[in-house]
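*Asks:* Just the structure for this:
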Amino acid sequence: MNKKVTIITLLSLLSFTTLAVAADRKVIIGFKKESGITEENKKQKFYRSGGRIKRSHKIINAVSGQLPEEEIAILKKDPAIAYIETDVLVGITEPISVIPTLSQEYTDSWGVARIGGNSAVAAGITGAGIKVAILDSGIDYNHPDLKDNYKGGYNFVYNNNDPFDDGYISHGTHIAGIIGARNNGTGVVGVAPEVSIYAVKVLGGMVMGDLSDILAGMEWAISNKMDVINMSIGAPIDSAAFKDACDRAYQAGIIVVAASGNTHSNSIEFPAAYDSVIAVSATNPDDTFATFSNFADKNELAAPGMNIKSTMRGGGYGSMNGTSQATAHVTGAAAILLASKIADKNGDGRVADDVRTLLDTSAKDLGDPGRDQYFGFGLVDLAKALAPPTPTKWEYTLTKSKNFRDSQPLEVPLEGGNYLVEITLNDMHEVKIIAKDGNGSRYVEIEKPHLLRHRKQQNQNIANDTSEVTISIETSGSLIFIPKGKSGSSASIVVTAI
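*Replies:* Just a heads-up that it's a prediction; the model follows:
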């Protein structure tokens, strides 16, 4: 039985119940930045319209609450108001199957191993010091695999400081385990087993919640300087307020990751559909596309999402399917890269964009070459992302042997490509270059060898004479440098991939 309850169905049920009681609608009212309206004026507009305020949002300049239906059309004409949206219900995105089980950590956590989480930990990168906000149904912070990494949070459903997971399927706890279950020898292990986990409870027991609560959770994450926000939730309805909150989080330097959805449709759910959010699709253990996963050009990365075992409320373990689980793998990977002290290459003062670029460029390409609507840039690959960069420049010293009359060549193995060769003839007369293919059957002397000889002039010092030549190698092979000159003479050689 598919236990997913769609937002549209719930809205229909709720609207029938609400209409029987009152003609009020739950709304989010966004105000224009240029209006300069004060907090007090926002509240007064609500009260004068016969409304009841639920909360005043600061970061996105909005107020949420209930308004009489007839007042909404009037308020939409107010020049200070940017939009009035229905405060819709948002919930988890996947069809659920729960399979209680318990086994060895990395063997059982196949998705963590598949994306190279074990390679990161082996290299000493565990996510320590990185703060991840999980906007979900809460977390069982007493779970033995989570209690050491749990650092706090907030419950926006009941407006208290206890974000315990009361969801009937332990969804938030399951997501937390994929991201950061402790590497303690029992149960399962997360991608970033020493990450700091924060439970931001925005979904109730039926794993559904008001959009206004999710917006409040995002504001909490921004105010508390989280490094990554995980939203294994989704809705088919676009929202200016939701987009604004995601954009603000990304502008604040937070990596935002969300599930693409599980209706196997050619559209991406929100918030994953926003440009400021990494949209994640799901894969099977054999790297094929999960049949439930949504597909569209906005998909950015793929990660394991089928039969994923993780932590469950009450100290147990179980398996679930979905892009929710795939999203958690990407969040853990982002935490690992942040913990690796990735450089701010563009100098914008934040590294969220650098992490995102590295995740994209290091992903294992699946499906059609390049980015595609199913896998995005490909399957997350932490082992590749953390690997030392491939050298593009090599430096050598070529010396004419003092002990042998024959020339002592230098052979440099290279992949196919174009290379710039720079030779500085320190006190050597000439360097001859020969290209050899991979199987050693083809030798080609580089044209214009005179470029690599001293340009002698009568009675002139010829030391440090530098020449350049560009060489193209069709397949893997090598360059052979043969010294010409007196014994003991040397030349400096620099080979650069171009």
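*Asks:* Can you name the secondary structure element that comes next after the helix or strand of the chain with the lowest mean pLDDT?
*Replies:* Sorting the helices and strands of the chain by mean pLDDT, DSSP states H and E puts helix 7-21 at the bottom, at a mean of 31. Later in the chain than helix 7-21, the nearest helix or strand by DSSP states H and E is strand 24-31.
*Asks:* So which other helices or strands are in contact with that next one?
*Replies:* Using 3 or more C-beta pairs under 8 Å, 6 or more residues apart in numbering; DSSP states H and E, the elements in contact with strand 24-31 are helix 39-48, strand 52-57, strand 62-68, helix 69-75, strand 81-86, helix 211-223, helix 240-251. From N, CA and C alone the C-beta is placed, and that goes for glycine too.
*Asks:* how about these, which one is nearest Gly167?
*Replies:* Closest approach to Gly167 among the helices and strands packed on strand 24-31 (C-beta to C-beta): helix 211-223, 14.0 Å.
*Asks:* avg pLDDT for the top helix by length along the chain?
*Replies:* Scanning the chain for the helix with the most residues, using DSSP state H, yields helix 323-339. For helix 323-339, the mean pLDDT works out to 98.
*Asks:* so after it, what's the next helix or strand?
*Replies:* Next along the chain after helix 323-339, taking DSSP H and E as the criterion, comes helix 352-362.
*Asks:* Now do stretch 354-372: everything it contacts.
*Replies:* With C-beta atoms under 8 Å, 6 or more residues apart in numbering as the test, stretch 354-372 has contacts from 255, 278, 283, 287, 289, 297, 299-302, 330, 333-334, 337-338, 342-346, 374-382, 384-385.
*Asks:* And the residues you listed, which of them are buried?
*Replies:* Buried subset of the contacts of stretch 354-372 (neighbour count, 16 or more other C-beta atoms under 10 Å): 255, 278, 283, 289, 299-302, 330, 333-334, 337-338, 342, 374-382, 385.
*Asks:* Helices - which of these land there?
*Replies:* Val330, Ala333, Ala334, Leu337, Leu338, Leu382, Ala385.
*Asks:* As CSV, those residues with distance to Ile423 would be great.
*Replies:* Formatted as CSV, these follow (distance: C-beta to C-beta, whole Å):
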residue, distance to Ile423
Val330, 46
Ala333, 43
Ala334, 44
Leu337, 39
Leu338, 42
Leu382, 40
Ala385, 36
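*Asks:* how about the longest helix of the chain as PDB, C-alpha atoms only?
*Replies:* The C-alpha trace of helix 323-339 is given here as PDB (Å, rounded to 0.1, in the frame of the first residue of the first chain):
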ATOM      1  CA  THR A 323      14.500  10.900  -3.000                       C
ATOM      2  CA  SER A 324      14.300  12.000   0.700                       C
ATOM      3  CA  GLN A 325      17.000   9.400   1.400                       C
ATOM      4  CA  ALA A 326      19.000  10.400  -1.700                       C
ATOM      5  CA  THR A 327      18.900  14.000  -0.500                       C
ATOM      6  CA  ALA A 328      20.300  13.000   2.900                       C
ATOM      7  CA  HIS A 329      23.300  11.400   1.100                       C
ATOM      8  CA  VAL A 330      24.100  14.700  -0.700                       C
ATOM      9  CA  THR A 331      23.700  16.700   2.500                       C
ATOM     10  CA  GLY A 332      26.200  14.400   4.200                       C
ATOM     11  CA  ALA A 333      28.600  14.800   1.200                       C
ATOM     12  CA  ALA A 334      28.300  18.600   1.400                       C
ATOM     13  CA  ALA A 335      29.200  18.400   5.100                       C
ATOM     14  CA  ILE A 336      32.300  16.300   4.300                       C
ATOM     15  CA  LEU A 337      33.500  18.800   1.700                       C
ATOM     16  CA  LEU A 338      33.000  21.700   4.100                       C
ATOM     17  CA  ALA A 339      34.900  19.800   6.700                       C
END
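*Asks:* can you state the direction angle for it and helix 352-362?
*Replies:* 110 degrees (axes from the mean of the first three to the mean of the last three C-alpha atoms, to 10 degrees).
*Asks:* count of neighbours near the closest residue to Thr470 other than its chain neighbours?
*Replies:* Once flanking residues are discounted, Thr470 sits nearest to Leu420: 5.5 Å by C-beta to C-beta, 6 or more residues apart in numbering. When neighbours are defined as other C-beta atoms under 10 Å, Leu420 has 14 of them.
*Asks:* And Glu219, by the same measure?
*Replies:* So Glu219, with other C-beta under 10 Å, has 19 neighbours.
*Asks:* which SS class is the residue lying closest to it once chain neighbours are set aside?
*Replies:* Spatial nearest neighbour of Glu219, chain neighbours left out: Ile59 (4.6 Å); criterion: C-beta to C-beta, 6+ apart. At Ile59 the chain is in coil, as set by DSSP: H, G, I helix; E, B strand; the rest coil.
*Asks:* swap in Glu468?
*Replies:* Glu468 ends up strand, using three-state DSSP.
*Asks:* Would you mind giving the domain segments of this protein?
*Replies:* Domain assignment for the chain by automatic domain parsing gives 7-87, 91-386, 393-497.
*Asks:* How confident was the prediction at the closest residue in space to Thr283 that isn't next to it in sequence?
*Replies:* Nearest residue to Thr283, sequence neighbours excluded (C-beta to C-beta, 6+ apart): Ala302, at 5.0 Å. At Ala302, the model reports a pLDDT of 98.
*Asks:* so what's Ala302 up against?
*Replies:* By C-beta under 8 Å, 6+ apart, the neighbours of Ala302 are 280-283, 289, 326, 363, 366, 374-376, 378-380.
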